[in-house]
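Visitor: what follows is a predicted structure for the sequence shown.
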Amino acid sequence: MKDGAFSIGGRDAALAASIRPATAGPRRDDGGPGTAVVTRTRPKVKRPSLYRVLILNDDYTPMEFVVHVLEQFFQKDREAATMIMLHVHNHGAGECGIYTYEVAETKVTQVMDFARKHQHPLQCVMEKK
Ligand code: TYC
């Protein structure tokens with residue numbers, strides 16, 4: 001090598017090779033010629049799907065029990081719980097709340113377990129919005 005010239009090797013060479021020119025185009029997961037995969041830099045954010053939790057009417061569950069369920073598991077005050085219960089009684093089904101999948105599933109399980117424990121046939125279901 002001529003005087004004044006220099007070369008890099010080892011770690012420095014590896015670092016130099018990893019520097020991407022600004023003109024390099026989309027980043028590629030490069031497994032060799034013809035195998036590039038375009039990868040994303042910006043994280044993809046998605047809103048979670050929402051689910052409506054409903055209770056269904058039946059002829060046997062006491063009205064007070066349904067009001068209690070709405071207060072206990074759905075954070076309704078007495079007035080709101082009574083209105084929902086009467087809506088269900090008169091129309092067959094009614095909305096208790098809207099939640100993400102896992103929260104909705106937990107509510108349904110809690111209500112079904114509580115109704116079974118008290119030997120009432122109350123049904124609680126979820127549906128995708
Ligand atoms: N229909 C019931 C009765 O007359 C009351 C009731 C209301 C039951 C709502 C279930 O989800 C329900 N005792």
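Guide: Arrived safely. Numbers count the residues shown, from 1 in each chain.
Visitor: only C-alpha atoms for contact and neighbour calcs from this point on.
Guide: Noted.
Visitor: so where's this structure uncertain?
Guide: Per-residue confidence of the chain (counting by pLDDT under 70) places the weak regions at 1-33.
Visitor: which stretches in this structure count as helices?
Guide: Using DSSP state H, the helices of the chain run over 10-18, 63-74, 78-91, 101-117.
Visitor: these into a markdown table, with extra columns for mean neighbour count?
Guide: Formatted as a markdown table, the entries for the helices of the chain read as follows, by neighbours: other C-alpha atoms under 10 Å:
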| stretch | mean neighbour count |
| --- | --- |
| helix 10-18 | 10 |
| helix 63-74 | 17 |
| helix 78-91 | 16 |
| helix 101-117 | 16 |
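Visitor: any idea how far the residue nearest the centre of the chain lies from the ligand?
Guide: Using C-alpha atoms, centre = their mean, the residue of the chain that lies closest to the mean C-alpha position is residue 48, 4.2 Å off. Residue 48 sits 28 Å away from the ligand, taking C-alpha to the nearest ligand atom, to the nearest Å as the criterion.
Visitor: now residue 127
Guide: Plainly put, residue 127 is 16 Å away from the ligand if you go by C-alpha to the nearest ligand atom.
Visitor: which residues touch that residue?
Guide: Residues touching residue 127, when contacts are defined by C-alpha atoms under 8 Å, 6 or more residues apart in numbering, comprise 51, 52, 53, 54.
Visitor: can you tell me which two in those residues are farthest apart?
Guide: Put simply, by C-alpha to C-alpha the two of those set farthest apart are 51 and 54, 9.6 Å from each other.
Visitor: shared neighbours of the two, which are they?
Guide: Both residue 51 and residue 54 are in contact with 126, 127, where contact means C-alpha under 8 Å, 6+ apart.
Visitor: test my guess that residue 49 contacts residue 102.
Guide: No: under the criterion of C-alpha atoms under 8 Å, residue 49 is not in contact with residue 102, lying 10.5 Å apart.
Visitor: I am finished for the moment; much appreciated.
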